[in-house]
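Got a predicted structure here, sequence first:
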Amino acid sequence: MAELSQLTQRLIQQYQNWSQSLHPKEGIPTIHVDEVASSVASFYEKIRGIIEWREEHLLRETAIERILKRRLILKKREEKIAEPFILELIRGGHFPNNTIPEVKIEEIQKIIDKYAFILKNSNNKEQEKQKTQLLNWILGIAACEIEATLAPPIKEKALIDYMTEFMKERIKIKEGIFVIGGITEEQKNTQIYIACQRSLFKLDDSLIRYHLLNKKYSDWSNLSSPRLQEISENILNIHKSIEGDLQHPWGERIYNICERHDTSYLILGDIIAMNPSEAQKKLENPSVLENLIKETYGKRVIKLREKLNRAALYSTISIFITKIVSALAVEIPFDIYITQAFSYQTLGINIIFPPFLMFVLVKTIRPPKKGNLQKVIMEVIKITYETKKKDVYVAKKPAKRGIILNSIIIFFYLLGFLGSFGIIIWGLQRLNFGILSMTIFLLFLTMISYTGIKIRQRAKELIIQEEQETFLGMIFDFFSLPIIRVGRWISSQWQKHNAVIIIFNSLIDMPFQLFIEFLEQWRYFLKEKKDEIH
């Protein structure tokens, strides 16, 4: 029998607590919604989820933020919105029916009131754009706290804390001989905490902000009135501090280390989650642990492939629908009535090429090499058992580049940018693309390229071996990186200005929710009348 580390024993205990929390307590009334209304609302949310595509783990958070924003805008003074808000979330399929205790309504109302108070008393004298940014920043955090209250992430939090503690001991900062304004131990630990969240569960910035606030303010979930007033008046400084943590110059270096070593923590978490009550007994036997690692690793590979295929499908459908709308609303009328040069060939290429590119990007993803499994086994064993020798991961400070070298690098980057887009534009001109069709093609090409590369990066989730750079890979990066970076920027703007999403939010969302609430009440009315018949 091998001796488990103290951190591993604590992780097992936390997973046991998580397992126990899954069994609802008897006799506690729960929130119920009508099944028929729920099935209609759930279908609508699935359609929205495809059009407003996000990664799977962000869908619920996105829905909470969207619904919260709408209900806060429409709410009357002193109106309590927690109950209809939770009912809408359950109807939409974001939380299971008959599982959320009714006492959660009051808790959620307190959370909503807290963030509404912060917004009202923030002393924000910034311009309108900055006010909107702060509003979205605060509501994003509010959505995360609401989600954590309705579905506490006990298991995920335990694994993040577990990896963070290990990485604090192992990551060493190498800043050089002369250091001005270097990173402190506290800053290093904060960056490790952020990096573990991003690498393990790909958490978005809003959720990380919420976790950082809980770290910085231990009473964040239960603020007293004076404390709430103080935080409201100081929210701009808090915002600046949190964003400084998220954009720290050492963040990317530390993240790369955590990303390279997160596989062993994910596998160990999966093994414990299978049967938390028996986990300690099984983990204490190295041969049993090795077999469990192999089994869990195989399941992870299959699950990852399914997840990547779904992400590719839904993201392509989302962009494809938007492409069809843009073609019908803008491209076709422009070519027919303005340029009088409508071409079915141009339209066909514009519609078919983006999904084809996504198909190629996803289908050419290579599975982990055979030697990767052995490395995973060794890494899991290292973190599971008590050992005297500990690995050290060195984070090196980026080398400073002189003005001349920096200018040369920028020149070559611009050369790659002009070369990439120049070749594409030349090819489109040869195919008789008009200026608008060309612009739309480039728009969707860059977005699909960025999304496809993101999915390919997710495919490396289980890879511990460092990939060797090839000459062909360097040439590919030289020409593709400008396209991907443009796609990244366009995608961030697209989420704010997507015409299809705007139509849903402004014209469909509210009337549909009123219809669903009417349908539910009508169903309850019919049931009451039916029960009166003896």
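Looks like it came in fine.

neighbours around the closest residue to Thr8 other than its chain neighbours, how many?
In space, and not counting its chain neighbours, Thr8 is closest to Thr384: 5.3 Å by Cβ to Cβ, 6 or more residues apart in numbering. For the C-beta atoms, the positions are set from N, CA and C on the backbone; glycine is no exception. Under the neighbour criterion other Cβ atoms under 10 Å, Thr384 is assigned a count of 24.

Distance of Thr384 relative to Met438?
Here the distance between Thr384 and Met438 works out to 56 Å (Cβ to Cβ, to the nearest Å).

all strands of the stretch 101-250 of the chain, in order?
Secondary structure of the stretch 101-250 of the chain, counting by DSSP state E, counting those that start in this stretch: strands at 171-174.

my bad, should have said the stretch 301-450 of the chain
Secondary structure of the stretch 301-450 of the chain (DSSP E, counting those that start in this stretch): strands at 393-396.

Could you verify my assumption that Arg170 touches Tyr393?
Yes: in terms of Cβ atoms under 8 Å, Arg170 counts as a neighbour of Tyr393; the distance is 5.3 Å.

in the protein, what secondary structure element scores lowest on mean pLDDT?
The weakest-scoring helix or strand in the chain, judged by mean pLDDT, DSSP states H and E, is helix 499-503 (a mean of 63).

chain center to the helix or strand just after that helix: distance?
Elements were assigned by DSSP states H and E; along the chain past helix 499-503, the next helix or strand is helix 509-532. Taking the mean C-alpha point of helix 509-532 and that of its whole chain, the gap between them comes to 35 Å (Cα atoms, centre = their mean, to the nearest Å).

How about helix 509-532, which residues are buried there?
Within helix 509-532, the residues that qualify as buried are Asp509, Gln513, Ile516, Glu517, Leu519, Glu520, counting by 16 or more other Cβ atoms under 10 Å.

will you turn the residues you listed into CSV that also has distance to Gly434?
Below are these laid out as CSV (distance: Cβ to Cβ, whole Å):
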residue, distance to Gly434
Asp509, 35
Gln513, 41
Ile516, 43
Glu517, 47
Leu519, 47
Glu520, 50
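
Closest to Leu308 out of those?
Of all those, the one with the least separation from Leu308 (Cβ to Cβ) is Asp509, at 30.1 Å.

Quick check: the closest one touching Arg70?
Yes: between Asp509 and Arg70 there is a contact at 6.6 Å, judged by Cβ under 8 Å.

Tell me the pLDDT of the residue nearest to Asn189 when sequence neighbours are not counted.
With sequence-adjacent residues excluded and distances taken as Cβ to Cβ, 6+ apart, Asn189 is closest to Lys168, at 5.7 Å. Note for Lys168: predicted pLDDT of 94.

ok, now which ones touch Lys168?
Lys168 is in contact with Lys188, Asn189, Ile192, counting by Cβ atoms under 8 Å, 6 or more residues apart in numbering.

quick one: low-confidence ranges for the stretch 51-200 of the chain?
Judged against pLDDT under 70, the low-scoring parts of the stretch 51-200 of the chain cover residues 124-129, 175-182.

Next: the stretch 251-400 of the chain.
Within the stretch 251-400 of the chain, the ranges that satisfy pLDDT under 70 run 398-399.

Would you map the helices across it?
Using DSSP state H, counting those that start in this stretch, the helices assigned to the stretch 251-400 of the chain run over residues 251-274, 276-283, 286-326, 332-333, 344-363, 370-384.

Tell me which of those helices is the most buried.
Ranked by mean neighbour count under mean count of other Cβ atoms under 10 Å, the helices of the stretch 251-400 of the chain are led by helix 251-274, which reaches a mean of 20.

Pro482 contacts Gly422, correct?
No: look at Pro482 against Gly422 with Cβ under 8 Å: they stay out of range, at 10.7 Å.

Give me the more crowded residue out of those two.
Looking at Pro482 and Gly422 with other Cβ under 10 Å, you find the greater number of neighbours at Pro482, namely 19 against 11.

which residues sit in contact with that one?
For Pro482, the set of contacting residues under the criterion of Cβ under 8 Å, 6+ apart consists of Tyr413, Gly416, Phe417, Ser420, Phe421.

so the fourth one touches Ser480, yeah?
Yes: the criterion here is Cβ under 8 Å, and Ser420 meets it with Ser480 at 7.2 Å.

Comparing those two, which shows the higher neighbour count?
Summary of the neighbour comparison: Ser420 and Ser480, criterion other Cβ under 10 Å, with Ser420 having more neighbours (19 against 15).

What distance do you get for Tyr393 to Val376?
Between Tyr393 and Val376 the distance, using Cβ to Cβ, works out to 17 Å.

Repeat that for Leu357.
Here the criterion is Cβ to Cβ. By it, Leu357 lies 32 Å from Val376.

and if you look at Met163?
With the distance defined as Cβ to Cβ, Met163 ends up 15 Å from Val376.

Show me what whatever helix or strand Ile64 lives in is packed against.
Applying DSSP H and E as the criterion places Ile64 in helix 59-74. Here helix 59-74 touches helix 35-51, helix 82-91, helix 104-120, helix 128-150, helix 205-216, helix 509-532, going by 3 or more Cβ pairs under 8 Å, 6 or more residues apart in numbering; DSSP states H and E.

Output the contacting helices and strands for the shortest one.
Taking 3+ Cβ pairs under 8 Å, 6+ apart as the contact definition, the neighbouring helices and strands of helix 82-91 are helix 35-51, helix 59-74, helix 104-120, helix 509-532.

Okay, buried residues for the first one please.
In other words, helix 35-51. By 16+ other Cβ under 10 Å, the buried positions in helix 35-51 come out as Ala37, Ser38, Val40, Ala41, Tyr44, Glu45, Arg48, Gly49, Ile51.

so which pair among these is furthest apart in space?
The widest separation within the buried residues of helix 35-51, taken as Cβ to Cβ, falls between Ala37 and Ile51 and amounts to 21.5 Å.

so who does Phe444 touch?
Phe444 sits next to Ile319, Lys323, Asn350, Pro354 when contact means Cβ under 8 Å, 6+ apart.

From Thr446, how far out is the first one?
It stands for Ile319. Spatial separation of Ile319 from Thr446 under the definition Cβ to Cβ is 11 Å.

What of the last one?
For Pro354, the distance to Thr446 equals 10 Å [Cβ to Cβ].

Mind listing residues that contact the one helix or strand Trp18 maps to?
When elements are assigned from DSSP H and E, Trp18 belongs to helix 6-21. With contact meaning Cβ under 8 Å, 6+ apart, helix 6-21 is reached by 4, 152, 154-155, 158-159, 162, 165-166, 268-269, 272-273, 276-277, 279-280, 283, 383-386.

again, only this time at 10 Å
Residues lying outside helix 6-21 but in contact with it, judged by Cβ atoms under 10 Å, 6 or more residues apart in numbering, are 3-5, 152-159, 161-163, 165-166, 169, 265, 268-269, 271-280, 283, 383-386.

Same question for stretch 424-440.
For stretch 424-440, contacts defined as Cβ under 10 Å, 6+ apart pick out 323, 326-327, 330-332, 334-335, 338-339, 341-343, 345-347, 349-350, 441-442, 445-446, 479, 483.

repeat for stretch 344-352
Taking Cβ under 10 Å, 6+ apart as the rule, stretch 344-352 contacts 320, 323-324, 326-327, 331-332, 335, 343, 356, 428, 431-434, 437-438, 440-441, 444-445.

wait, Leu22 sits on Pro96?
No: between Leu22 and Pro96 there is no contact, the gap being 11.4 Å when judged by Cβ atoms under 10 Å.

How about the contacts made by Ser343?
By Cβ under 10 Å, 6+ apart, Ser343 lies in contact with Asp335, Ile349, Asn350, Leu431, Asn432, Phe433, Gly434, Ser437.

now the helices and strands packed on helix 82-91 as JSON lines including distance to Gln247?
What follows is those, written out as JSON lines (distance: least, Cβ to Cβ, whole Å):
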{"stretch": "helix 35-51", "distance to Gln247": "29"}
{"stretch": "helix 59-74", "distance to Gln247": "21"}
{"stretch": "helix 104-120", "distance to Gln247": "22"}
{"stretch": "helix 509-532", "distance to Gln247": "33"}
